[in-house]
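*Asks:* okay, predicted coordinates and the sequence, questions at the end:
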Amino acid sequence: MKLRIGLGSCGIAAGGKKVKEALLTCLEEKNMNIEITSTGCIGMCFYEPIVDVIDDKGEVFTYVNVTPKKAEEIVEQHIINGVPVEKYIQSTSKKPFKQLEKQVRVVLQNCGIINPEKIEDYLEKDGYKALKKCLNEMTPDQVIEEIKKSGLRGRGGAGFPTWFKWDAARKAKGTEKYVVCNADEGDPGAFMDRSVLEGDPHGLLEGMIIAGYAIGANYGFIYCRAEYPLAIERLEGAIVQAHEANFLGENILGSGFSFDIKIKKGAGAFVCGEETALIASLEGERGMPRLKPPFPAQSGYFGKPTNINNVETYANVPWIIRNGGAAFAAYGTEKSNGTKVFALAGKIRNGGLVEVPMGMPIREVIYEIGGGIKNDRDFKAVQMGGPSGGCIPKSLIDTPVDYESITRTGAIMGSGGMVVMDEATCMVDMARFFLNFTCDESCGKCIYCRIGTKRMLEILERITKGEGRMEDLDQLEQLCISIKDGSLCGLGQTAPNPVLTTLRYFKDEYIAHIMDKKCPAKQCKSLITYSILKDKCTGCTACARKCPTGAITGEKKQPHSIEQEKCIKCGNCAITCKFGAINVE
Amino acid sequence: MSCTCEKKLETNFCNKEVDLSLMEPVFKKYEGQSASLISILQDTQGIYGYLPLEALKTIADRTGNKKAKIYGIATFYSQFRLNPIGKYIILQCQGTACHVNGSDKISEAICDELGIAPGGTSKDGMFTLENVACLGCCSLAPVMMINGEAYGNLTPNSAREVIRGIYKKEKGGASN
């Protein structure tokens, strides 16, 4: 018998380490010698902490939302007495998770299954077989040809064909070339790369080594966010193991090909997701983009030909080489092949990672895999592509997820963040939120981006405060166009997207803020008022005691009231009231 | 001869005296490596918890770069801190998922509990609150991370509890 516990960042945040300790103590008390392995994120973060009990026949029983107390029960009943604790089990080998039925796992195939700290586990899952196949049976051109057949496109945002980049870097003049992995996953709301780095680091390394072989590079860099300490730790471990097994280093597996990978920690700048800015940062400079061409494939890291892909793109490569490009191309739509990992978050019931064939309608992803909206509220919109993307409204919920269809809505595929919003989300506030982000993260090089986003933010702040004017809407649209035209890199060119899409689909909300001075979602503080419903208030005084400004007054056991001049709209009273007597309008 | 803008900029940095000899291993580690300025700054911050002005000047000196360039990098990246920090750093996630799940309420609660504003350090030097873009634990939103440990599914009250818990632990540790 064996135990397996999910200890990705999400598992740890949900209390996974405490559960592991409880399991260890309990097993020790009972003198049981049972191995506990850890694994990465299986993508069902809402079920964390997750514990698998694997019996001697290899059957897996998955316990979810495990607490230290539940862990003791599991040890006593399942491990010692051999009786599974049915009430905590969500899936078994015979009856897997319902959420997985519609998913196809290529990138995430090992996440949540293997122990990411053990190369043996990866090898057992056909790890490094693709690399061996490349080195022994394929020429670099054949590798690129196979990637071309697969139709793999960059998973970082723009969706550029991967083979084309590789081919350009291969054909570029010079013998010193570089492979760079963009692991600077900066989109707020996206965490698929983190899960791959934490859950299957060797998958990324293998993809990068193959890319190195294909383009003729001997060095690779992984540019990883410093906010992902666990990912960096696991990558460092994986690199050491890969060296020991000679998958990295000199003369890999006797092929004559040498390759080494280094990790560079990012220092917190969203713009470094842009490839030329990333290269500047790798060189130790401020991460500011430059004009293209020349493209990094011709002139990248210190002027040498450099191929840059993101984590998910490289992580697809070993599967494609093992199973053939055609097998990959069999998934998805005509122009968007394969699968895509999405990070479901926001007001969704089952938040986490899902991997689906391209072309699945958004509705299916949100309702059938994601379980619908939290607290059975109404779906309002889904935000795709982070600060560079846009909001897709309810009327377009049947849009298939592929590059072209998403772009047509005004959003972008981006790296795959899907932030779901319900009717309690204010779309003007959402636009303000993203503009605040891009305004903060603009590197300052282009005037339109640096000053334009600031002006847009000011207008949006004005509107959410109830001080907006109708002509603001035209001005916003004009600024959007100018910023798109006048910015050098993707950050500026896409910064207006959240505003453009919300203006397109939710103009009535803007108008309600400006004309009626009302926030329909009741989120914008300046536009809402709190009052006490006399018939529901019992006069318990709980709210009055919580009110920071003493705006609530009233006799004990008598209905209270709120003095509007003193109210700062902190909402403490609404949280405190147990009788639903606080009315928000 | 340094220009006046450089002097003006320097007033933003912390000019406290520090033990510069602690940096020797860092210089040794990156000796002869080009492109390592960011790594040097990261390691320096690892030593002092922030980037002291004297350390920045030393880095400029030892790597043969202009001070302006070092200041430029130190102020460009949000990870770099120019002032001393508390014993515990609270990274409060401001990502999209956290935002729609009420991260601003969490932020208010923490600020109120510690009597500080975002970016500030509590008077007793225990906590520094920093806003970060996204911690990548979106399905547990709202989230904060304190000294590398993530806390998810927060409410204003549970966030206060976490801080009080750390204070309690600290006091317990002191009396032992």
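*Replies:* Sure thing, it's come through.
*Asks:* could you check how far A:T438 is from chain B?
*Replies:* 11 Å (C-beta to the nearest C-beta, to the nearest Å). In short, each C-beta sits where N, CA and C put it, glycine included.
*Asks:* other SSEs contacting the host helix or strand of that residue?
*Replies:* Using DSSP states H and E, A:T438 falls within helix A:427-441. Here helix A:427-441 touches strand A:379-384, helix A:453-464, helix A:497-505, helix A:507-514, helix B:96-100, going by 3 or more C-beta pairs under 8 Å, 6 or more residues apart in numbering or on different chains; DSSP states H and E.
*Asks:* show me what the mean pLDDT comes to for that helix.
*Replies:* The average pLDDT within helix A:427-441 is 95.
*Asks:* which element follows it toward the C-terminus?
*Replies:* For helix A:427-441, the following helix or strand on the C-terminal side (DSSP H and E) is helix A:447.
*Asks:* gap between that following helix and the chain center?
*Replies:* How far helix A:447 lies from its chain's middle: 30 Å, per C-alpha atoms, centre = their mean, to the nearest Å.
*Asks:* ranking the helices and strands packed on helix A:427-441 by mean pLDDT, which is last?
*Replies:* When the helices and strands packed on helix A:427-441 are compared on mean pLDDT, helix B:96-100 scores lowest, with a mean of 88.
*Asks:* what does that one rub up against?
*Replies:* By C-beta atoms under 8 Å, 6 or more residues apart in numbering or on different chains, the residues outside helix B:96-100 that reach it are A:188-189, A:345-347, A:351, A:383, A:386, A:417, A:419, A:421, A:425, A:430, A:433-434, B:106, B:134, B:138-139, B:141-143.
*Asks:* which positions within the following helix or strand past that helix qualify as buried?
*Replies:* Using DSSP H and E, the helix or strand that follows helix B:96-100 towards the C-terminus is helix B:103-114. Using 16 or more other C-beta atoms under 10 Å in any protein chain shown as the test for burial, helix B:103-114 gives B:103, B:105-110, B:113-114.
*Asks:* contacts made by helix B:103-114 with the rest, please.
*Replies:* So helix B:103-114 is contacted by A:548, A:570-571, B:90, B:92-95, B:98, B:117-118, B:122, B:127, B:129, B:131, B:141-142, B:144, B:154-157, B:159-160, B:163-164 (C-beta under 8 Å, 6+ apart).
*Asks:* narrow these to those in strands?
*Replies:* Counting by DSSP state E, these place B:90, B:92-93, B:127, B:129, B:131, B:144 in strands.
*Asks:* before we move on, the earlier item: drop anything exposed from the contacts of helix B:103-114.
*Replies:* When those are checked for burial by 16+ other C-beta under 10 Å, the buried set is A:570-571, B:90, B:92-95, B:98, B:122, B:127, B:129, B:141-142, B:144, B:154, B:156, B:159-160, B:163.
*Asks:* one step back: mind putting the helices and strands packed on helix A:427-441 in TSV, distance to A:E137 included?
*Replies:* Below are those laid out as TSV (distance: least, C-beta to C-beta, whole Å):
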stretch	distance to A:E137
strand A:379-384	39
helix A:453-464	51
helix A:497-505	44
helix A:507-514	58
helix B:96-100	44
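*Asks:* what angle sits between the helix holding A:T438 and helix B:103-114?
*Replies:* Helix A:427-441 runs at 70 degrees relative to helix B:103-114, counting by axes from the mean of the first three to the mean of the last three C-alpha atoms, to 10 degrees.
*Asks:* what angle separates helix A:427-441 from helix A:453-464?
*Replies:* 150 degrees.
*Asks:* what comes into contact with helix A:427-441?
*Replies:* Here helix A:427-441 makes contact (C-beta under 8 Å, 6+ apart) with A:186, A:188, A:269-271, A:380-381, A:383, A:386-387, A:391, A:421, A:449, A:453-454, A:456-457, A:460-461, A:463-464, A:491, A:495, A:498-499, A:502-503, A:505-506, A:509-510, A:513, A:519, A:521, A:523-524, B:96, B:99-100, B:133.
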